[in-house]
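Enquirer: Fold the following.
(2 chains)
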Amino acid sequence: MNDCEKYIELMSQMLDGELSEEQTSELRAHIASCEDCRKAFDAFTSVSEALSDELCEPPEMLAKGVMFKIRNHKKHRVVIGKFTTFAACIALILVGAGRLGLFGGSTGSPVALDAGMVSSEARSAPAPANKSIDSADGAKENAVLNHTEIQKGVKLEKTNDGTVYQLGFPLQNAELLDGTDPDAVHREPVWLFSAEKLQVYAGSWHSADELAENSGEKLKNDRFAAVADRGQIDALGELLTSEPDDTTKLTVDSKEFKDSEPVYTIYIPAQTAASQPPAAETKVGADSDKDSTTKTGSLKQSLESVKNSLLKNADDSKTSASPSPSPAAGDTDEKRLKPPRDMTISVYYVNGEIWCVAQLVDDGRANASAPSSETDVTPAVDCRHCRWSRILYKATGSPEDLDAFMAQLRSAKTETITESCTGK
Amino acid sequence: MTREEEDRLVARVRNGDEDAFEKLVLENQKKVYNLALRMVGNEDDAFDMSQEAFIKAYNSILCFRGDCRFSVWLYRLTTNVCLDFLRAQGRRSHSSLSYEDDSDDEKELEIPDERFSPETEVEKKELREAVHRGLMQLPKDYRVILLLREIDGLSYEEIGQALDLEEGTVKSRIFRARKRLCAILAADGNISERCASKKSRGV
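Expert: Numbering: from 1, shown residues only, chains lettered A, B, ... in the order given. Okay, here's the model as predicted:
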């Protein structure tokens, strides 16, 4: 590197205010005496100014939209706490069921099927981002749903009932949660929040059958933690809860998931009386947060009544093949929706994001790819139990945070992990 | 906004105060938006990226450890969101593949003639547009680092925090980014090129 080259590198630092006064004056003296370096300096300065001057004003809707989403989302997440998913389900089902006439005494099946088709059709034919107006028209056509199919990039729309939706968040969650769209690949792992205990494995989890079949290949399950603490399960839930994502081209069959090992696998044992969860090896933070159930007691009660009425309506169309979740009946001490079947959540890192494949552990009953027509028109409550066998979704947390959480899970046997991540 | 003010607002957000987050959004939106705009190159996507970055910040604020300024952390989220988006876009710009090829950077700087120092407003506008076009041709990592410096005004130390880089790497990468940008501008004919280094060789 000749002298000029060295000075030119210093110029970059001078522009950035990273040179000492002494270095700056030396450089300035050189620039004054060297024509080429002066030109280089002018070039750097001009480019720097061109980059930094006249920053564009952000659209007014940016901050408003962000805050709208946050406030809207928070109603579910924070107020309802760990009942996030369940409560949102119920709320959405209530709205949906009301619209679809499920409370009218009929099973509502044909209507539900129609609504599902409209919804999935709208999703599978995304409008170009700049044709936001189409969404409003779509709302009129899909009046049965009474909400706008908002495409990515839409700044703001008003629906016919005057509600303002921003960028489809509420709607996406509707589909995430109520299962009206059988083709939707992104849904929330409703059981994660309601699980009472979890097993955490490094890499994949293999069923006993797989292990037996592949005994020559050194397959093994590397379980490093069993979690039974409410706070920890919630903290993990916060990291692995779904983030609406309509931009991705990933599907559950993408090579990112099919051909790769997951980083972690969370095993959520079923909590029906019929199936026994695998025994936990290590209890981490065994003091379960019993108080948390009382905080939301009245809310739970009101949700319970909604749920009961929904289940009542759903009863007629339950298929014998579906596992009986019976979350309400006879469930006196714990009113959370419980995992009716064992399931796993395989955690992958893709492009710095967490992607999860939630999968029901195959017990010969799951057949989501070819649901019977009977199943297809089952009202939403049942959909959430039996419609899918594998779903893909993008999680809210970052790989770094999850790794940090897992590292603590690995090491901390007694201290509660929730403190570091919940800040409470 | 000072770091103390930022920290106070972050603490309030952690306690569930949405208005405090709104203040942080309003304070940072211009830089976040412009960073995103220059990363992805169009307003619609920049809007989406900015929004996603803020939502992400809000959702993961409990995991923000406070070892750097909130704004630095926010810009980090923004760049990650943008980079992921650009990757998902299927590498629409050839620049994403060119980062490995650093051979250009080893060349000496092509120093342009005086036209690089625009005098009139029109010239400035032309240069600004040319620079923004050139920016889109830069390898993404160069683009990010230059923008964090020029748009968001981060120090080398803060850029190091945001991108997990050593300060020395930040310094040399910013320099290379500037050099490469000048080379692109020269090659595109936006500035007349003259390799003054030939003259300076042997000095």
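
Enquirer: Just give me the residue right at the centre of chain B.
Expert: In chain B, the residue lying closest to the centroid (Cα atoms, centre = their mean) is residue B:147, at 1.9 Å.

Enquirer: Next one: that one from residue A:263, what distance?
Expert: 30 Å (Cβ to Cβ, to the nearest Å). Glycine gets a C-beta too; all of them are placed from N, C-alpha and C.

Enquirer: Could you do residue A:219 as well?
Expert: On the measure of Cβ to Cβ, residue A:219 and residue A:263 end up 17 Å apart.

Enquirer: same check, this time on residue A:353
Expert: Residue A:353 sits 12 Å away from residue A:263, going by Cβ to Cβ.

Enquirer: Looking at the two, which is more packed in?
Expert: residue A:353 (22 against 17; other Cβ atoms under 10 Å in any protein chain shown).

Enquirer: Provide a list of residues in contact with that one.
Expert: A:394-395, A:398-399, B:84 (Cβ atoms under 8 Å, 6 or more residues apart in numbering or on different chains).

Enquirer: ok, of those, which come out buried?
Expert: Neighbour-count burial (16 or more other Cβ atoms under 10 Å in any protein chain shown) applied to these gives A:394-395, A:398-399, B:84.

Enquirer: Any chance of those residues in CSV with secondary structure as columns?
Expert: Output for the buried ones among the contacts of residue A:353, formatted as CSV (DSSP: H, G, I helix; E, B strand; the rest coil):
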residue, secondary structure
A:394, strand
A:395, strand
A:398, coil
A:399, helix
B:84, helix
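
Enquirer: Closest one of these to residue B:128?
Expert: Nearest to residue B:128 among the buried ones among the contacts of residue A:353 is residue B:84, at 27.4 Å by Cβ to Cβ.

Enquirer: what's the burial count for the residue nearest to that closest one when sequence neighbours are not counted?
Expert: In space, and not counting its chain neighbours, residue B:84 is closest to residue A:351: 4.7 Å by Cβ to Cβ, 6 or more residues apart in numbering or on different chains. Residue A:351 has 16 neighbours, counted by other Cβ under 10 Å.

Enquirer: and residue A:351, what does it touch?
Expert: B:83-84, B:87-88.

Enquirer: For those, give me a markdown table that also has secondary structure and pLDDT.
Expert: Output for these, formatted as a markdown table (DSSP: H, G, I helix; E, B strand; the rest coil; pLDDT from 0 to 100):
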| residue | secondary structure | pLDDT |
| --- | --- | --- |
| B:83 | helix | 89 |
| B:84 | helix | 88 |
| B:87 | helix | 85 |
| B:88 | helix | 82 |
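
Enquirer: now for those residues, which pair is the farthest apart?
Expert: B:83 and B:88 (9.6 Å).

Enquirer: which one of the two has more residues nearby?
Expert: In this view residue B:83 and residue B:88 are compared by other Cβ under 10 Å, and residue B:83 has more residues nearby, 20 against 15.

Enquirer: is the helix or strand hosting residue A:65 anywhere near chain B?
Expert: Per DSSP states H and E, residue A:65 falls inside helix A:60-74. Yes: Helix A:60-74 reaches chain B (Cβ under 8 Å from any Cβ of the partner chain) through A:61-63, A:65-67, A:69-71, A:74.

Enquirer: Where does the record place the domain boundaries for the chain?
Expert: Using chain A. A:3-52, A:61-178, A:190-288+A:336-422 (automatic domain parsing).

Enquirer: Switch to chain B, please.
Expert: Domain segmentation of chain B under automatic domain parsing yields B:3-88, B:94-200.

Enquirer: hey, which helix or strand in chain A has the poorest pLDDT?
Expert: helix A:109-124 (a mean of 30; mean pLDDT, DSSP states H and E).

Enquirer: what's next to stretch B:151-158, contact-wise?
Expert: A:16-18, A:51-52, A:55, B:31, B:34-35, B:38, B:68-69, B:71-72, B:75, B:148, B:162, B:167, B:170-171, B:174.

Enquirer: ditto for stretch A:49-65
Expert: Under Cβ under 8 Å, 6+ apart, the answer for stretch A:49-65 is A:155-156, A:166-167, B:22, B:25-26, B:29-34, B:37-38, B:43, B:47, B:50-51, B:54, B:124, B:127-128, B:130-132, B:135, B:146-147, B:150-151, B:153.

Enquirer: Could you grab the helix/strand/coil label for the spatially closest residue to residue A:395 that is not a sequence neighbour?
Expert: Using Cβ to Cβ, 6+ apart and skipping residues adjacent in sequence, the residue nearest residue A:395 is residue A:354, 3.9 Å away. Following three-state DSSP, the label given to residue A:354 is strand.

Enquirer: So residue A:354 is in contact with residue A:240, correct?
Expert: Yes: applying Cβ atoms under 8 Å, one finds residue A:354 in contact with residue A:240, separated by 6.9 Å.

Enquirer: Show me the common contact partners of these two, please.
Expert: By Cβ under 8 Å, 6+ apart, residue A:354 and residue A:240 have these common neighbours: A:347, A:395-397, A:402.

Enquirer: Among these, which lie within strands?
Expert: Secondary structure defined by DSSP state E assigns residue A:347 of the shared contacts of residue A:354 and residue A:240 to strands.

Enquirer: filter the shared contacts of residue A:354 and residue A:240 to the buried ones?
Expert: A:347, A:395-397, A:402.

Enquirer: which among those gets closest to chain B?
Expert: residue A:396 (5.0 Å; Cβ to the nearest Cβ).

Enquirer: pretty sure that closest one is touching residue A:241, no?
Expert: Yes: counting by Cβ under 8 Å, residue A:396 does reach residue A:241; the two are 5.3 Å apart.

Enquirer: Contacts (any at all) between chain A and stretch B:174-193?
Expert: Yes: Stretch B:174-193 comes into contact with chain A (Cβ under 8 Å from any Cβ), by way of B:174-175, B:178-179, B:181-182, B:185, B:191.

Enquirer: which one among the residues you listed gets closest to chain A?
Expert: residue B:175 (4.1 Å).

Enquirer: Run through the neighbouring helices and strands of the host helix or strand of that closest one.
Expert: Using DSSP H and E, residue B:175 maps to helix B:167-187. Judged by 3 or more Cβ pairs under 8 Å, 6 or more residues apart in numbering or on different chains; DSSP states H and E, the packing partners of helix B:167-187 are helix A:3-15, helix A:35-52, helix B:103-106, helix B:121-137, helix B:140-150, helix B:156-163.

Enquirer: Provide the contact partners of the fifth one at residue level.
Expert: Meaning helix B:140-150. A:16, A:48, A:51-52, B:35, B:38-39, B:75, B:79, B:82-83, B:86, B:95-96, B:99, B:135-136, B:138, B:154, B:158-159, B:162-163, B:170, B:173-174, B:176-178, B:180-181.

Enquirer: Show the model's pLDDT score for residue 20.
Expert: You didn't pick a chain, so chain A it is. pLDDT recorded at residue A:20 is 90.

Enquirer: Can you look at chain B instead?
Expert: Reported pLDDT at residue B:20 in the predicted model: 93.
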